[in-house]
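Enquirer: Next one to model:
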Amino acid sequence: MTAELTLVAAFLIGFAGSTHCLGMCGGIAGSLGTGMAADRTGRRWLTTIAYNLGRVGSYTLLGALAGLLVAVIGLGLPGTGWSAALRIATGAVLIAVAAYLLFDWSGLRRIEALGGRVWRHLAPLARRLLPVRSPLHALALGALWGWLPCGLVYTALLAAAASGDPARGAGIMLAFGLGTLPAMTGVVILGQRLVQWRGGLGTRRLGGALLLAFGVWTMASPLMHLLQHPSGDGHHGHHHAAAAHEPSAPPR
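Expert: Have a look, this model is predicted:
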C-alpha cells in the first residue's frame, strides 16, 4: 500500500506543483510553439510529445539511479531499521513539498542551487538545440532539460532515492513527470499565455493538504514502532539474558 501511495503522491507533486514547473521550464516549452502557427497541427503535437518524452525520460533515469544508489548504501544494514528509516525519509519529503504548496516554503529554492554545477555543463548543449527544428531536436532538448536545477524535481528525486530500489525510484519519477504533463503540454499549445498564468491556488492547497496527509501517514507507522521499541535489540537481549539465568535441567 505504501508503494502505491508514494506513486500517487509523486503524481500529485508534479500536478499540484505545475506553477513552479511553468516558472522553471515554461519559457523553453512555450518557445517550442513559436513560429509553428502556420505549421501542421500534427507536427506541433509531435514536437510537444517528443519534448516531454525526453524530459520525463530523464526524470525516470534519475529516479532509477537514485534508487540504485540508496540500495547499494543499504547493503549489509539491518533490514527492518533501514526500511523504517527510508519510510521516515519519504514522509519527510512529502511534508516538505506540502509546506511549499501550502505556505510557499522557500526551502525548495535553496535545494535548486545544488544542481547548478551540473547544469552549467549541460546548458551550452541545450542552447545549441534552439530553435527547435524537428521532433528529434525536441526530444534531445527535453532529455537535457530534465536535468535543469529544480527544487520540485529534487524533492521528488529524494522520495525516489528513499524508495531504496531502482525500479521503484524510476516509477516514482515517472509518476512525477506524468503529473507535470498537463501544464507542460498546455504551455506549448497556448504559449506565453499559460506561462503568465498564476492561478490554480485551489489546486495547490488541495494537493498540499493531501501530500501532508500522505507524509504523516507514511511516517506514522515506523515512528510508532520506534517509540514503542526504542531499542530494537532490547527485548531480544532481555529474552536471552533471562534464558541464560534459567537453571539447566538436571542430568539423567
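Enquirer: any idea how far the closest residue to residue 208 other than its chain neighbours is from residue 119?
Expert: In space, and not counting its chain neighbours, residue 208 is closest to residue 101: 3.2 Å by C-beta to C-beta, 6 or more residues apart in numbering. All C-beta atoms are positioned from the backbone trio N, CA, C, and that covers glycine. Separation of residue 101 from residue 119 (C-beta to C-beta, to the nearest Å): 24 Å.
Enquirer: ok, now residue 54?
Expert: 16 Å.
Enquirer: Next: residue 170.
Expert: Using C-beta to C-beta, residue 170 is found at 22 Å from residue 119.
Enquirer: Kindly report the same for residue 98.
Expert: Applying C-beta to C-beta to residue 98 and residue 119 gives a distance of 26 Å.
Enquirer: nearest residue to residue 9 other than its sequence neighbours?
Expert: With C-beta to C-beta, 6+ apart, the residue lying closest to residue 9 is residue 214, at 4.6 Å.
Enquirer: next one: residue 55
Expert: residue 142 (3.9 Å).
Enquirer: Same question for residue 169.
Expert: residue 67 (2.5 Å).
Enquirer: okay, residue 170 and residue 119: which has more neighbours?
Expert: Looking at residue 170 and residue 119 with other C-beta atoms under 10 Å, you find the greater number of neighbours at residue 170, namely 22 against 16.
Enquirer: correct me, but that one touches residue 57?
Expert: No. Look at residue 170 against residue 57 with C-beta atoms under 8 Å: they stay out of range, at 10.2 Å.
Enquirer: how about the helices in the stretch 151-252 of the chain?
Expert: 151-162, 166-190, 192-195, 201-228, 234-245 (DSSP state H, counting those that start in this stretch).
Enquirer: ok, and which of those has the densest surroundings?
Expert: Highest mean neighbour count of those: helix 151-162, a mean of 26 (counted as mean count of other C-beta atoms under 10 Å).
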